[in-house]
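Asks: Dropping the sequence and predicted coords here.
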Amino acid sequence: MRAATEAKSAAKAAAAAKTTAAKAAVAKAAAAKAAAAKAAAVALVVGLIAALVAVPLVSLARIAAGAGPTGIWRALSGPQARVAILHTVAVAATVTVLAVAAGTALALAIERRPGRRRLALRLGVAGPLVIPEFVLGFAWSQAYGPAGLSDRLAGLTMPGLFGPAGIIAVLTVYGLPLAYLAVTAGLAARADPALERAARSAGAGRWTVLRTVTLPLLRVPLLAAAALVFVTAAGSFAVPQVLGTPAGFATMPTLVYNDLAFSASSAAFTGLTVVALALVVLVLLALGPLDLWLARLRPSARPESPLTASTARTAVDHVVTVIVCAYAAFAAAIPMLTLVLTALTRGPGLLPVPANWTLANFGAGFSGGGGVALLRSAGLALAAAILAPLLGAAVAGLARGRWRGPVATGVTLAYAIPGSALAVGIIIGYGRWLDGSVTIIGLAYVAKFWVFGHRPVQAALDRLPPGLTRAARLSGARPATAVRTVVLPPLRVAMLTAAGLVFILAFHELTMSTILYGPGTETFAVVIMNQQDLGGVGATAALAVVLTAPVVAVGALATWLTHRSSRSARRPPITPIFRNDRGLTYPRRR
């Protein structure tokens, strides 16, 4: 009997050991499978970055290296290239100083105003950002240039509008909202009102507090704003093309475009490739030391007390309101009103009164394939708006730990590369199969604007509580259910915002499109620029109005979604109740 009992116990122990070993083997296999799947996903993301970023850069370097040191020096030391490099650096540096200074001043003044007034002032400052660069430059030429609206009504013109002064002015207007948004984010994350109050209590004046407390805390956002504005100004093509080409003022992007459009020799192509690569090097030299210095900084903690806004209207409030309204009117409202009036007026030189209004300019603009180009641009922008957030979510979700930094840098690098250089690199890398096609334009859009699909999604994922997904899994939810019910709902607004931003940028993109398009693949922005080159002022204005309208609509929708998200974020949080494999059940807010 005892032997039988011992045999049964031994058999049970063996069965339990076998079951434990089987479970361990299954868990090990599952872990290995998950690790292999993650490695494959990371490899896919790295491969996409290599295809969209590394291939164009390597292609540029390969063609430039083929010229040898002598050829590179000859291309860069030629009179046109030397002058274009000097113009590009001077314009970008000047725009950076002006835009960052003005954007910082407006951010410090506006973000301390009450919420309702602050929203209206923010929209006034950010207004020019939703206007396409080409449209903004053309609108300024019609509003403040010779024979423009101000000249016909008051005999006043902006001195030097066609030339470096006008380019700097328009690019400053375009870069100021970028600097303002960067500094505003820094004020929300890094500024500490308690330190400012302590300095004021110690007897320091406002300027001393600003110089010794506020600005040192904002050094990282200020440097980020400077880098963003410099990259945008250095890579700008549309504004120098509209305001600089008539005056013979060339920058590196316009020089690359003109050489590619009007020169057919292999030596000229090699020269423009060297100039394009030099533009990339210029941008990386501006950003590289900044990234290294920022990496050494210790992250500052978020202040416990938020920025306080005064509730009573003061004289400073009135001054700030007047300045923002004057800026919004001069920078965007008057030029865009002039653009609409020009589109409605029968011909150049006529007063924009109702007796001279007509819709013939819209018909003339769409008579040469403008409608097809509009649909093509909308399709390309929609495709980029779908792909960029999906790829951004893939990068944010898969590239974690030690992979996060390098992968995010690779995605950001594509945006830092000037559009003209990226387009030339894509032609060299993929032109053999895709030259002149719609596909190559879409490829460039995804590569350029991938970062705007990645950053909002990454920020939304970082705000998720780290244990929430694990709690859902422990409660019995499957991985797909946990992702669908825990991860995706907070990402919905972020992905919609990213899609709207990518759609805006891709819909009015001009720099890469002018280099990549072929017969029958013109985008709507290219059609507008070609119409402007032909001298059709009314038709150009009509098409520019059509280009701007959907961009403004999508921008307004993205603003509304962001404002709605910020309002919902202030509500009491929902506590999830994990029940079974069906997922999560949320109680109602009280």
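Replies: Structure received.

Asks: Which residues are in contact with residue 67?
Replies: 74, 75, 270, 274 (Cβ atoms under 8 Å, 6 or more residues apart in numbering). Where you see a C-beta, it was placed from the backbone N, CA and C, and this is true even at glycine.

Asks: ok, now residue 521?
Replies: Contact analysis of residue 521 by Cβ under 8 Å, 6+ apart lists 376, 436, 437, 438, 441.

Asks: Quick one: those residues as TSV, columns for pLDDT too.
Replies: Formatted as TSV, the contacts of residue 521 follow (pLDDT from 0 to 100):
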residue	pLDDT
376	94
436	87
437	91
438	93
441	95
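
Asks: Need the max-distance pair from those.
Replies: 376 and 436 (13.2 Å; Cβ to Cβ).

Asks: Could you check how many residues crowd around the nearest residue to residue 536 once chain neighbours are set aside?
Replies: Distances taken as Cβ to Cβ, 6 or more residues apart in numbering place residue 364 nearest to residue 536, at 6.8 Å, with adjacent residues excluded. Counted with other Cβ atoms under 10 Å, the neighbours of residue 364 add up to 17.

Asks: and residue 364, what pLDDT?
Replies: Looking at residue 364, its pLDDT reads 87.

Asks: re earlier: return the member of the contacts of residue 521 nearest to residue 527.
Replies: Closest approach between these and residue 527, by Cβ to Cβ: residue 376, at 9.6 Å.

Asks: From residue 520, how far off is the closest one?
Replies: From residue 376 across to residue 520, the span is 9 Å (Cβ to Cβ, to the nearest Å).

Asks: Which residue lies nearest the spatial centre of this structure?
Replies: Closest to where the C-alpha atoms of the chain average out (Cα atoms, centre = their mean) is residue 452, at 5.3 Å.

Asks: Isn't it up against residue 505?
Replies: Yes - with contacts counted by Cβ atoms under 8 Å, residue 452 reaches residue 505, the gap being 6.8 Å.

Asks: State the mean pLDDT of the one helix or strand residue 498 maps to.
Replies: Using DSSP states H and E, residue 498 sits within helix 488-507. Average pLDDT, helix 488-507: 81.

Asks: buried set for it?
Replies: Neighbour-count burial for helix 488-507, counted by 16 or more other Cβ atoms under 10 Å, picks out 491, 493-507.

Asks: before we move on, the earlier item: so between residue 376 and residue 436, which is more surrounded?
Replies: Between residue 376 and residue 436, counting by other Cβ under 10 Å, residue 376 is the more crowded of the two (21 against 15).

Asks: Which of the contacts of residue 521 fall in helices?
Replies: Within the contacts of residue 521, residues falling in helices by DSSP state H are 376, 438, 441.

Asks: need the contact list for the second one.
Replies: Taking Cβ under 8 Å, 6+ apart as the contact definition, residue 438 lies against 376, 380, 521.

Asks: same deal with the first one?
Replies: By Cβ under 8 Å, 6+ apart, the residues touching residue 376 are 438, 521, 522, 523, 524.

Asks: ok and the helix or strand hosting residue 443 relative to helix 488-507, angle-wise?
Replies: Under the criterion of DSSP H and E, residue 443 resides in helix 438-462. Helix 438-462 and helix 488-507 are oriented at 140 degrees to each other (axes from the mean of the first three to the mean of the last three Cα atoms, to 10 degrees).

Asks: How far away from the center of its chain is the one helix or strand residue 423 maps to?
Replies: Using DSSP H and E, the element containing residue 423 is helix 419-434. Helix 419-434 sits 21 Å away from the centroid of its parent chain (Cα atoms, centre = their mean, to the nearest Å).

Asks: ditto for stretch 385-401
Replies: Here the centre of stretch 385-401 is set off from its chain's centre by 15 Å, with Cα atoms, centre = their mean.

Asks: residues making contact with it?
Replies: 38, 41-42, 44-45, 48, 407-408, 411, 446, 449-458, 461, 491, 495, 498-500, 502-503, 506.

Asks: Can I get it as CSV, trimmed to CA atoms?
Replies: These are the backbone C-alpha positions of stretch 385-401, laid out as CSV (Å, rounded to 0.1, in the frame of the first residue of the first chain):
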residue,chain,number,x,y,z
ALA,A,385,-1.8,62.5,-43.7
ILE,A,386,-2.8,58.8,-43.3
LEU,A,387,0.7,57.3,-43.6
ALA,A,388,2.7,59.8,-41.5
PRO,A,389,0.7,59.3,-38.3
LEU,A,390,0.7,55.5,-38.8
LEU,A,391,4.4,55.4,-39.3
GLY,A,392,4.8,57.8,-36.4
ALA,A,393,2.8,55.6,-34.2
ALA,A,394,4.9,52.6,-35.3
VAL,A,395,8.1,54.5,-34.3
ALA,A,396,6.7,55.7,-31.0
GLY,A,397,5.3,52.3,-30.0
LEU,A,398,8.2,50.0,-31.2
ALA,A,399,11.3,52.1,-30.8
ARG,A,400,11.7,52.2,-27.0
GLY,A,401,14.6,52.1,-24.6
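
Asks: for the record, mean pLDDT for that stretch?
Replies: The model assigns stretch 385-401 a mean pLDDT of 77.

Asks: Could you do stretch 187-198 as well?
Replies: For stretch 187-198, the mean per-residue pLDDT is 63.

Asks: next one: stretch 95-106
Replies: Stretch 95-106 comes out at a mean pLDDT of 92.

Asks: ditto for stretch 216-231
Replies: In this model, stretch 216-231 has an average pLDDT of 82.

Asks: if I look at the residue lying closest to residue 347 once chain neighbours are set aside, how far off is residue 548?
Replies: Nearest residue to residue 347 in three dimensions, chain neighbours excluded: residue 538, at 6.7 Å (Cβ to Cβ, 6+ apart). Distance of residue 538 to residue 548, given as Cβ to Cβ: 16 Å.

Asks: secondary structure element for the residue nearest to residue 351 when sequence neighbours are not counted?
Replies: With Cβ to Cβ, 6+ apart as the criterion, residue 351 has its nearest non-adjacent residue at 6.8 Å, and that residue is residue 152. Take DSSP H and E as the rule and residue 152 turns out to sit in helix 149-154.

Asks: for residue 388, same thing?
Replies: Using DSSP H and E, residue 388 maps to helix 370-398.

Asks: Just the buried residues of that helix, please?
Replies: Those buried within helix 370-398 under the rule 16+ other Cβ under 10 Å are 370, 373-374, 376-378, 380-381, 383-389, 391-398.

Asks: what angle do it and helix 438-462 make?
Replies: With the same axes, to 10 degrees as the basis, helix 370-398 and helix 438-462 are set at 40 degrees to each other.

Asks: on that earlier part again, tell me how many other residues crowd the residue nearest to residue 347.
Replies: Neighbour count for residue 538, taken as other Cβ under 10 Å: 22.

Asks: Okay, and it sits in which element?
Replies: Applying DSSP H and E as the criterion places residue 538 in helix 537-569.

Asks: Tell me which stretches of the chain form strands.
Replies: Remark: strands assigned in the chain by DSSP state E are 577-580, 583-585.

Asks: circling back: how much space between the residue nearest to residue 351 and residue 103?
Replies: Look at residue 152 and residue 103: by Cβ to Cβ, they are 33 Å apart.
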